[in-house]
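**Student:** okay, predicted coordinates and the sequence, questions at the end:
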Amino acid sequence: MAERKQVAFVGLGAMGWGIAANLAAAAKDGKIASPVLVWNRTTLKSEQHAARHGTRCARALSDVSQADVIITCLPTSSEVATVARELAPALKSGNVWIDCTSGDPDSTKNISRMLKEAGVAMIDCPVSGGPDGAASGQLTAMVG
């Protein structure tokens, strides 16, 4: 069996809430390291997600830096860039960053270059299917 990776999820909005809940279910099934760590700029939302889905609340954004895989689902590329700039100095070389934000292509390229300097591979992965698709695990992922 392949090594299970620790996953951190950043952004518990309309889409992120359901995606992170499905990751928590995968962790319970032993498919990824458990528990999934969640962070949201509003800590209460992370606490609520942890209580409902068995994830672990990250009280500070820096807490997610030690995960093997970091997934972001944020409103725009601007927020992704802000999070990436804050986390980049603490990231481990070999981390993987998956961005599910429907962002600006040029901004995404710039973020990817910044993360690459930290030894982190970025996967651009906007998703489609809305909050219902996120909750049911029926999203379309456009991986770039």
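**Tutor:** That came through, no problem.
**Student:** which residue, other than its chain neighbours, is closest to Ser46?
**Tutor:** Residue nearest to Ser46 in three dimensions, not counting chain neighbours: Cys57, with 4.2 Å by C-beta to C-beta, 6 or more residues apart in numbering. Every residue, glycine included, has its C-beta placed from N, CA and C.
**Student:** what's the neighbour count on that neighbour?
**Tutor:** Around Cys57 there are 19 other residues, counting by other C-beta atoms under 10 Å.
**Student:** so who does it touch?
**Tutor:** Leu37, Val38, Trp39, Thr43, Ser46, Glu47, His49, Ala50 (C-beta atoms under 8 Å, 6 or more residues apart in numbering).
**Student:** repeat that for Ala58.
**Tutor:** When contacts are counted by C-beta under 8 Å, 6+ apart, Ala58 touches Ala8, Leu37, Val38, Trp39, Ser46, Val64.
**Student:** repeat that for Arg56.
**Tutor:** Contact partners of Arg56, counting by C-beta under 8 Å, 6+ apart, are Pro35, Val36, Leu37, Val38, Ala50.
**Student:** identify the residue nearest the first one in space, chain neighbours excluded?
**Tutor:** If the residues on either side of it in the chain are set aside, Pro35 comes closest to Arg56, at 4.4 Å by C-beta to C-beta, 6+ apart.
**Student:** any idea how far the one you found lies from Val143?
**Tutor:** Between Arg56 and Val143 the computed distance is 27 Å (C-beta to C-beta, to the nearest Å).
**Student:** now swap in Gly18 and tell me
**Tutor:** From Gly18 to Val143 the distance is 19 Å (C-beta to C-beta).
**Student:** neighbour count winner among these two?
**Tutor:** More neighbours surround Gly18 than the other of Gly18 and Val143, with 24 against 9 (other C-beta under 10 Å).
**Student:** any idea how many residues pack against the closest residue to Leu87 other than its chain neighbours?
**Tutor:** Among residues not flanking Leu87 along the chain, Ser65 sits closest, at 5.2 Å (C-beta to C-beta, 6+ apart). Residues contacting Ser65 under the criterion other C-beta under 10 Å number 18.
**Student:** and if you look at Asn22?
**Tutor:** Residues contacting Asn22 under the criterion other C-beta under 10 Å number 17.
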